[in-house]
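1. Need the 3D shape of this:
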Amino acid sequence: MSADHPLPADTLVPVDYTAEIYRLNLAYLIAAKEALLTNGQDYAAIAFGLCEPLLSWLQRAYGTEIHALAAASGLVFASRLPPAWAGEKILAACASGSEAALAARMHALQRMMGDDDANPA
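-> I've put the predicted structure just below:
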């Protein structure tokens, strides 16, 4: 619909952001814990952005504790895209094809790991 013809109010679905944040946090925390226990700390740190104190806490956390953290009023996950031009380059590459998307993901991982070769000259 255009700006001249907005959707009727009765077709809009209200979003329960508290429930959505809980769902996203829980999915992230469970997947990160599984990766941590299955693949180790290095993989979890790179793939999920886990760092201390969350890394150690998650390794020993019980399900009830994970649910309690998931219920926090904000997202536990934080975006790790590089700022400015590098982030824009990665996002553009993801939209332009599979080879470019793979290169973008590799570039992002290199930057997250602090690889100087991923930085511009």
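2. helices or strands next to the helix or strand harbouring Asn25 in the packing?
-> Per DSSP states H and E: Asn25 is located in helix 17-39. The contact analysis (3 or more Cβ pairs under 8 Å, 6 or more residues apart in numbering; DSSP states H and E) places helix 17-39 against helix 41-48, helix 54-60, helix 63-70. From N, CA and C alone the C-beta is placed, and that goes for glycine too.
3. ok, 6 Å please
-> helix 41-48, helix 63-70 (3 or more Cβ pairs under 6 Å, 6 or more residues apart in numbering; DSSP states H and E).
4. wait, what's in contact with Leu24?
-> By Cβ atoms under 6 Å, 6 or more residues apart in numbering, the contact list for Leu24 is empty.
5. If we use 10 Å, what do you get?
-> Ala70, Leu75, Val76, Phe77 (Cβ atoms under 10 Å, 6 or more residues apart in numbering).
6. so Ala95 touches Ala101, yeah?
-> Yes: counting by Cβ atoms under 10 Å, Ala95 does reach Ala101; the two are 8.1 Å apart.
7. out of the two, which sits in the more crowded spot?
-> Applying other Cβ atoms under 10 Å to Ala95 and Ala101 shows that Ala101 carries more neighbours, namely 14 against 9.
8. quick one: which helix or strand includes the more buried one?
-> Going by DSSP H and E, Ala101 is in helix 98-112.
9. taking the mean pLDDT, what do you get for that helix?
-> For helix 98-112, mean pLDDT rounds to 69.
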